[in-house]
Every structure is written in C-alpha cells, then in structure tokens.
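In: everything below, folded, please.
(2 chains)
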There are 2 protein chains.
Amino acid sequence: MSRPRRFLILAEGNFGPMSSKTANACIRYAPRDVAVVLDSAAAGRTSQDVLGFGGGIPVVGTFEEAMQHNPTALLIGIAPPGGQFPLEWRALLIMALRAGLDVWSGLHTLLGDDAEFAKCAAESGATIRDLRRAPADLDVSYGRVREIDATVILTVGSDCNIGKMTTQLQLLDSVRARGHRVAFAATGQTGILIEGRGIAVDAVIADFIAGASERLTIEAAADADIVLVEGQGSIVHPAYSGVTLGLMHGALPHAMILCAQPSRTTVNRNPWVPIPTLSELIRLYEQLAEPLRPAPVVGVALNTFDLSDIEAHEAVERAKAETGLPVTDPVRFKPDPLAEALDAFHRERLDALAALR
Amino acid sequence: MSRPRRFLILAEGNFGPMSSKTANACIRYAPRDVAVVLDSAAAGRTSQDVLGFGGGIPVVGTFEEAMQHNPTALLIGIAPPGGQFPLEWRALLIMALRAGLDVWSGLHTLLGDDAEFAKCAAESGATIRDLRRAPADLDVSYGRVREIDATVILTVGSDCNIGKMTTQLQLLDSVRARGHRVAFAATGQTGILIEGRGIAVDAVIADFIAGASERLTIEAAADADIVLVEGQGSIVHPAYSGVTLGLMHGALPHAMILCAQPSRTTVNRNPWVPIPTLSELIRLYEQLAEPLRPAPVVGVALNTFDLSDIEAHEAVERAKAETGLPVTDPVRFKPDPLAEALDAFHRERLDALAALR
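Out: Numbering: from 1, shown residues only, chains lettered A, B, ... in the order given. Take a look at the predicted model:
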C-alpha cells in the first residue's frame, strides 16, 4: 500500500455485534487502521459501546462528520446476503471517491467494474479495491494440497457467520507461542482485508471453488508448518453448503475445528432448517472428509457472545461432555485448549510421518 | 430459433464413447439436428461405428469436407476439464463464423465475449450461443422450492461423467407413459443444448449455486407434476463436490437416483480417490439431504457401456443385492424399473399429502 490506511467504515443502519461482520473484524484485528464508523442509528456512541471492543473509535451520523477524522479510505462494513450493492449508497461512494478516499469492498458486485465509480476514482486518484475479485487464471482442483508438508487445519461450522474466521485469527498467536510457524489462509473478503492476501472462494466460478481453495492453501503453506484455513458457510446451510464442501475438498485439511453458537437453533435466515447437534455435525463433516483425506474434528469453538458468564461456562462444559473434545470460546476465554489440541495433533502427525520414513 | 439447426460437431481428436460428452448427447437425443462430425482421427467412419448409435452421421477430417454437409451451426462437442478453450481451435471458429455458421459452446470461456469472435459473427450475421452464460440476476437460495407441489427427483453420482443427465433423459418417456406431466430441469451445458432452457450451475458464482438450482427447479415445475433434475459431479469428486452439494440443497429433491459405473474404481482424473461402495454413497447422500429435506435414494442407474451383456446383467444383479433397490442400465436395458420406482414414490407422496389435508 502506498499510504497507511485509515478507514471510514460504512455500516449505515447496521453497526452491531452480529450485523456488521466486516466492520467488526476490521475493528477487532486492525483497530489502528480504523478512523471512524458511519452509522446514523448509532451516532454519538463508540465502538466499545456498540460492540464491546474497539475502544474509543467514534461512530458518526454523516459523511461530513466522518471526514473530520481524516480517513484515507472508505470500507464497506457490511455484507448483505447475496452481496448486492444497495443503491442508496451510490451517492455516498461517489462523494467519497471525489474526496480522494480509496474504496474497499467485499461485495459480490465488483465496484471497480462500475463505469461511474471508475471514472470518479480515476479523476481523484483514488483506488477501488474489490476484495472478492477472483484471480483470472483459476482452474479445477487436482488434489495438489497432498504435495505440501504443512499440517492443514480447517474451521467448519454449524452455520454461517458463527466464528470460523475469528477462531483461526484468535489461534494464530497461541499456536505460534507453541513454537510453530503458522499462517492464516483467508477465504473470504474480511479475512483477505485483514491478512492482505487470499481468495474469496464464494465469489469464484462454481467449478473452481476447490481449485481456488487448493491454491490459497498451498500459497499459505510456503512459509508455515501449520496452515489455519478460514472456513465458509456450513454443510447444512441451504445457500452456502456448496462453497463449504468445495473448500473442504480443495483445502484437504488434516484436522478440523467445529464452530457453533449454543444459542442458535436454526440456520441463519432459514428458520426451516434446524441446526443438528454437535455430534451429528462432527459425524457429517468427518464422513465427507473420509473418502478424500480422513480428517478428525479435534476441537470445538463456541461463540457465546450472547450468553452470561455462567451460561457460557455451562455451554462449554456441555459441549465437552457431548463431544469428548477440547472446547472453548476463543474470544471470550483463552484459545489455548484449541491451540493445545492443534499442537498435539501436529506433533503426532510429524511423529507418524517420521516413523514411515 | 430463426432457422432449423444442423450441427457441424467439433470433436477433433476426441470423438468417442467416453470422450465427447456433449457431441454424444446431442447425437443421442437430437440426431436429426446433426449434419456431420469433425474429427480427423475418426474420419471416414460414421457415428454408429464410433459410438454405437447415431446411424449414418458422417465423421470427416477437414472443415471443407464438413461444409459439404450444409451445416448451419458449429457445436463445440467436447468439454475439457476447467472448460478452457483450446487455442488451436481459434482459426477454425473464425472460419466457421465467417462462413455464417452460428457457434454453440458449453465452455466456461464465454466465446461471445471474445472481441474477434464477436466481430466475425456481427459481420456474417451469425449468432454465438454460450450455453454456460449465467443469468445476470441470480441470488442466493431461500428454500423456495418447498413452495411448489411437484415431486422433485435428482440424479446423484459416484463420479462425474457417469450418466446423471442421460438417466433423466432416458426416463422422460417412460415416466410420461405412466400418466404424469414430467419436465427435465437442465443444469449443465449439454442438458441446456437438448432442452433449450436451464442454467449451467457449475458456471455461476459459487454463492449462487443453490440459488440457481432453486430457480431452474421452480421454472421446470411450472408445467409438470414430476421434475427430473439433472445432477452434477459427485459428493466425493475433489473438484466438483461443491457444485454437487449446492445443487442438491438448492433443488431440494424429494427422492434421488444414484448413478454409477461398475467398472470405475477411482474418481475421474483423480486416481488417488477410490469410489465408495453403492451403500456408502447412498448413506452419504441421504445424510446430506436429511437436515434440509429428507430424500431417499429410490433406485440405481448403472452405466455398463464397457461391459459384456453377461457382465452387465451380473452388475445389475449385484447392485440389486447390495442396495435392495430397483436397478437398471437405462440406456442398455429399459429404464422401466426406475420409472416404476418414481411412479410409486410420486403416488405415495400424493397419498400422504392428501391424508394430511
């Protein structure tokens, strides 16, 4: 990047713990890159007030107020279903581009392909960064991940928007502290925003989901012994299960971490689909991995943000009893039980490989 | 279409029972639309000689010879992995377009977007039909298939290129003969070529696989009591499993037919993946359907093209014994055992619905 980025995060009407995934992840993992949040419904509050983290990052109600915080870029902070660009934001984006702000977007609609946006950017010297733009030279997968040495860990979920990216990001330091070279492989627009590389696997041509997953896993493995691949969707999500399975069969993890939210009983925006039990989900994911490369679920990450402390502890204990696996909420509590499980799994794998050589 | 289509089918170097899927399906289901096949390796033979069907459709070795059969359109008759357009065909396509032939293509690379092809077509008045071009207004799925009355049947497979489209096409007449209004829902370029409508679900943006599948299923149900949805790939195919599952969760079948090839032991182009047994595949597919809409596998379609008559009969009997289901090769033998199973399933479903009302 040519200049340090200071984001104006657009989250109009939707800044909240569960409604502004991209905004929240940026604030959690790159808070120093965030100048201000724009949401007229929460104006006057701070990120800390609204999310419970992010300190004094201010929330303002108008573009003019936001500009007083000297942003260098506008980040689209929400990801509506289907990724369509809300028309009412058009004027705002044009204002931002004319003011010389770069625009970062993770939407399916590629803003850089819009003639008017492109013209405004060219005139002011701003850059439009579409995080979901797929590489032009993707191919189908061929199981090439089997050629790398690194241990590949994938987060899988009971639903979308439940903590699959967050779990891997929370684990990075903790796994590194155990003496491993570790890399995060980003598969979604927010992960790419934070990591600076990756492919949004939900935005590629359907035939290339696994091929893209194979490629980003291999790239992340270049400088790592353990690759933490960001999972997507859920095997039981009516809209996104194809992406979930394609990612799984392209990345070919050696082991998986199951992510779930104890308070959620039906799939996001699909109340007609009850979420199976943890044991059922573990069985289903392991069975789907089995024909290509067996991969056990070695731990469970719970998202307990909407529970009391007592309820959260109870949920962790219940999940431990049900699955017999290490369980934690890697945001609320320490990620260490999962990091220990990965450390042990990786060492056992190396020992088994050494014994074969 | 403005004029009857008479295809010159391009299958250069690859005209054969298992190597030219699009060519073969066109010859099998629309033989009167085929004027000639171009493949210098098989020149001088007929379709009957090479495929065992298609009668006297000639195979020639040069474009000039092919033009003597008065084609009105050139059909790309093969689908290479990844759908990339072989560069050496470029000159041939330009010749065809300049001669006024329409070009029909099911490749991922959209030929109509190529400036030189588009220019040649415009100059001669020819049309370029990209069968894999996705509708511009796709969305994610919302389970809307649950609102239609028709019985939805999906073919699922042990592998790709194994008979999922062919099984449904072979069943159409046989199911219709049992008194049902039946529709074929095309999900791949060849099915769309034959049916005249549909969406190539492997060519849409990954997030929209299920949404596209939902839409094409609902469209096919408009004038049918039973919808036969063309399956794609396999749940154990490393490259295509995402498309397979997305299609399944978008189309939400009431029942499934499993397609397999007895002689095939590993996945197409992926010898490192052994194909599970029929029973294992049935269990896996039924488990994946279960959380959204339970769907039993009600029959097995075997592709026995490479077996002797005795071997084919033995394979059918073995599959019957293993699964306890009706089994046939719907091309080699009659499709009736499967049509009867669908007829019975549909009537039982109607009875159960009537009892609930």
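In: quickly find the element holding the closest residue to chain B within the stretch 51-200 of chain A.
Out: The minimum distance from the stretch 51-200 of chain A to chain B, using Cβ to the nearest Cβ, falls at A:Val140 (4.0 Å). Using the backbone N, CA and C atoms, a C-beta is placed for each residue, glycine as well. Remark: A:Val140 resides in no helix or strand, with elements defined by DSSP states H and E.
In: tell me, how many residues neighbour it?
Out: Number of residues near A:Val140 (other Cβ atoms under 10 Å in any protein chain shown) recorded here: 24.
In: nearest residue to A:Asp336 in space, ignoring adjacent ones along the chain?
Out: A:Ser174 (5.7 Å; Cβ to Cβ, 6 or more residues apart in numbering or on different chains).
In: do the same with A:Leu228
Out: Distances taken as Cβ to Cβ, 6+ apart place A:Gln168 nearest to A:Leu228, at 4.1 Å, with adjacent residues excluded.
In: how far off centre is the host helix or strand of that neighbour?
Out: If you go by DSSP H and E, A:Gln168 is part of helix A:164-176. Averaging C-alpha positions (Cα atoms, centre = their mean, to the nearest Å) puts helix A:164-176 11 Å from its chain's average.
In: stretch A:254-267 now?
Out: Using Cα atoms, centre = their mean, the offset of stretch A:254-267 from its chain centre is 14 Å.
In: what of stretch A:37-47?
Out: Remark: stretch A:37-47 is offset 23 Å from the chain centroid, using Cα atoms, centre = their mean.
In: separation between A:Ile310 and chain B?
Out: 30 Å (Cβ to the nearest Cβ, to the nearest Å).
In: A:Trp89 contacts A:Leu10, correct?
Out: Yes - A:Trp89 lies in contact with A:Leu10 (Cβ atoms under 8 Å); the separation is 7.0 Å.
In: more neighbours: which of the two?
Out: The residue with more neighbours, out of A:Trp89 and A:Leu10 and counting by other Cβ under 10 Å, is A:Leu10; that gives 27 against 14.
In: who's in contact with the more buried one?
Out: A:Leu38, A:Leu74, A:Leu75, A:Ile76, A:Gly77, A:Ile78, A:Trp89, A:Leu92 (Cβ atoms under 8 Å, 6 or more residues apart in numbering or on different chains).
In: quick check: beta-bridge partners of it?
Out: Using DSSP bridges, the bridge partners assigned to A:Leu10 are A:Leu38, A:Ile76.
In: just to revisit the earlier point, how about the contacts of A:Leu10 in CSV, adding pLDDT?
Out: Listed next are the contacts of A:Leu10 as CSV, based on pLDDT from 0 to 100:
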residue, pLDDT
A:Leu38, 96
A:Leu74, 97
A:Leu75, 96
A:Ile76, 94
A:Gly77, 92
A:Ile78, 81
A:Trp89, 86
A:Leu92, 92
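In: among those, who's most crowded?
Out: For these, the largest number of neighbours (other Cβ under 10 Å) sits with A:Gly77, at 29 neighbours.
In: look up how far A:Asp33 lies from the residue lying closest to it once chain neighbours are set aside.
Out: Of all residues not flanking A:Gly77 in the chain, A:Ala23 sits nearest, at 3.0 Å (Cβ to Cβ, 6+ apart). As judged by Cβ to Cβ, to the nearest Å, A:Ala23 and A:Asp33 stand 12 Å apart.
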